[in-house]
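In: would you be able to build a 3D model of this:
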Amino acid sequence: MEERASWLSFTTCLKEIGREMQVRSREMQSRPRQVHVRRSQKCSDVLDSEGYSDNEECSEEHLLSLDVILPDDLLERILTFLPIASVFRAGTVCKRWNSITISKKFMWQWSVIPSQKPWYFMFTNSEDASGFAYDHVLKKWYNFGLPCIDTSSWFVASSFGLVCFMDNTNRNQLYVCNPITKDNKKLPDPPELKISDYSALAMTVNQQTNTYTVVVARSKQVPDDYLQWNLSIEVYDSVLQKWISSVSEVLRGWRGGDEGVICNGVLYCLIYSTAMVGNSENRHGLIIYDLSNASLKILSISMPCSLTCGRLMNLKERLVMVGGIGKADRPGIIKGIGIWELDRFEWREIARMPHKFFQGFGEFDDVFSSSGTDGLIYIQSYGAPALLVFDTNQRSWKWSQKCPVTKRFPLQLFTGFCFEPRLGVSV
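Out: Sure thing, here's the model as predicted:
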């Protein structure tokens, strides 16, 4: 539906351009005809009495340029339909186009576009934050740098063009940035500065106001009691520019993890059983924290399989999980990868990776990287730069273009995350 709406909007824009060109054409025809011809040696003697040349090699300036006819507002609307990489190239065409692509009005028009197909950033070195970004629309990889961070081990969360980073050492340094414009900001230290055993980072952006909320869920074991874990949830509000709430709870029989996401104003975090009873399908649960009223719930929802390496993501405000399907006799060894959506209190399978793609990763460990938003899910093995894309709208699996990096040594790891490329969102 969004693609159809976008196409209808584009065709409406073209109709307006056509009407504008007709008006301009009638205005030109009502004026005395003045034609300026840049003559060449070959056509100087073959001009007719009207000033036109019968020679095809003549260079004529009476042909009007579309760029001259179009007013700025219509040209702006046309440029907003370009992929973001093409917008940067359009800004180098001429001074007029450059002034349009950097104007506040153009940035605002970009900010109200319903969606941009997410890019996938792949870290190619565990020692620094260097890597490449994959543009799914143009099927290209770009040598891309990230602001704020210096290694690939930072926690990452993204929403509507913004990305939040949290360091993996003390877990109290947090930055929010726009990876495209490099606009960035360091958040104040959270109130809970105690080192935690597990931390989950999530963020959400209000698309109408371009404000954002960052949430950190920390889990730390109670001393000498593996069955009990302290859970704290901290919330940062960009409007107030401070941490506004902190909730504490003791989990009995559960521990927190590193996986969390926000959907429809609700934080969801995967939790793991510490009681070690029952089958493997009951070893995962969900923390549900409503940001609007600070209410906390713990749900033990049966998993659809022996799950490993579960990843939560927000796909158009639907809670989706990607995970490895473990073997019945050896749960730590995966035999495939599945995708599920939470339907009330039950995980409903929406897709399963075809075996030929699963084999295409080569040696596949029980852990892998996956990230998704706006109908696209990216999956990659930690041991190779191969990237697989699942389109939930078309229900299709496709390999990305080959990443321009090769594995240099056996223990080299590849991780990544996806984000929406946007110009008009600032921190």
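
In: against R89, how distant is the closest residue to F88 other than its chain neighbours?
Out: In this structure, F88 finds its nearest non-sequential neighbour in T101, 7.7 Å apart by Cβ to Cβ, 6 or more residues apart in numbering. In this view, the C-beta of every residue, glycine as well, is placed from N, C-alpha and C. As judged by Cβ to Cβ, to the nearest Å, T101 and R89 stand 10 Å apart.

In: the more surrounded of these two?
Out: Taking other Cβ atoms under 10 Å, T101 and R89 do not tie; T101 has more neighbours (22 against 12).

In: hmm, the more buried one is touching A90, no?
Out: Yes. At 6.0 Å, T101 counts as touching A90 under the criterion of Cβ atoms under 8 Å.

In: what do the two both touch?
Out: L79 (Cβ atoms under 8 Å, 6 or more residues apart in numbering).

In: distance of D290 relative to L187?
Out: In terms of Cβ to Cβ, D290 sits 22 Å off from L187.

In: who has more neighbours, those two?
Out: L187 (20 against 13).

In: looking at the protein, which helix or strand does the model trust least?
Out: Lowest on mean pLDDT, DSSP states H and E among the helices and strands of the chain sits strand 37-38, with a mean of 36.

In: which stretches of the stretch 151-300 of the chain aren't confidently modelled?
Out: 193, 276-282 (pLDDT under 70).

In: can you give me the strands for it?
Out: Listed in chain order, the strands of the stretch 151-300 of the chain (DSSP state E, counting those that start in this stretch) span 155-159, 162-166, 174-177, 184-186, 198-206, 211-222, 225-237, 242-252, 254-255, 260-263, 266-273, 284-290, 295-299.

In: please identify the most buried of those.
Out: Each of the strands of the stretch 151-300 of the chain was scored by mean neighbour count; the highest is strand 162-166, a mean of 25, by mean count of other Cβ atoms under 10 Å.

In: and it, what does it pack onto?
Out: The contact analysis (3 or more Cβ pairs under 8 Å, 6 or more residues apart in numbering; DSSP states H and E) places strand 162-166 against strand 155-159, strand 174-177, strand 198-206, strand 211-222, strand 415-419.

In: recalculate using a threshold of 10 Å.
Out: If contacts are counted by 3 or more Cβ pairs under 10 Å, 6 or more residues apart in numbering; DSSP states H and E, strand 162-166 sits against strand 155-159, strand 174-177, strand 184-186, strand 198-206, strand 211-222, strand 415-419.

In: quick one: which of those is nearest I78?
Out: Among the helices and strands packed on strand 162-166, the nearest to I78 by Cβ to Cβ is strand 415-419 (25.3 Å).

In: check the offset of the closest one from the chain's centre.
Out: 8 Å (Cα atoms, centre = their mean, to the nearest Å).

In: how about stretch 74-82?
Out: Averaged C-alpha coordinates place stretch 74-82 at 22 Å from its chain's average position (Cα atoms, centre = their mean).

In: buried ones in that stretch?
Out: By neighbour count with 16 or more other Cβ atoms under 10 Å, stretch 74-82 contains the buried residues 74-80.

In: mind checking which of the residues you listed are in helices?
Out: 74-79 (DSSP state H).

In: tally up the residues packed near the residue nearest to I180 when sequence neighbours are not counted, please.
Out: Counting by Cβ to Cβ, 6+ apart, I180 lies nearest to P421, which is 5.2 Å off, once chain neighbours are set aside. By other Cβ under 10 Å, 20 other residues sit near P421.

In: P421 belongs to a strand?
Out: No. Counting by DSSP: H, G, I helix; E, B strand; the rest coil, P421 falls outside a strand, being coil.

In: residues contacting it?
Out: 83-85, 87, 116-119, 133, 135, 137, 161, 178-181 (Cβ atoms under 10 Å, 6 or more residues apart in numbering).

In: how about R252?
Out: Neighbours of R252 in contact, by Cβ under 10 Å, 6+ apart: 222, 225, 227-229, 274-275, 298.

In: what's the helix or strand for Q109?
Out: helix 104-111 (DSSP states H and E).

In: now that helix: mean pLDDT?
Out: Helix 104-111 comes out with an average pLDDT of 78.
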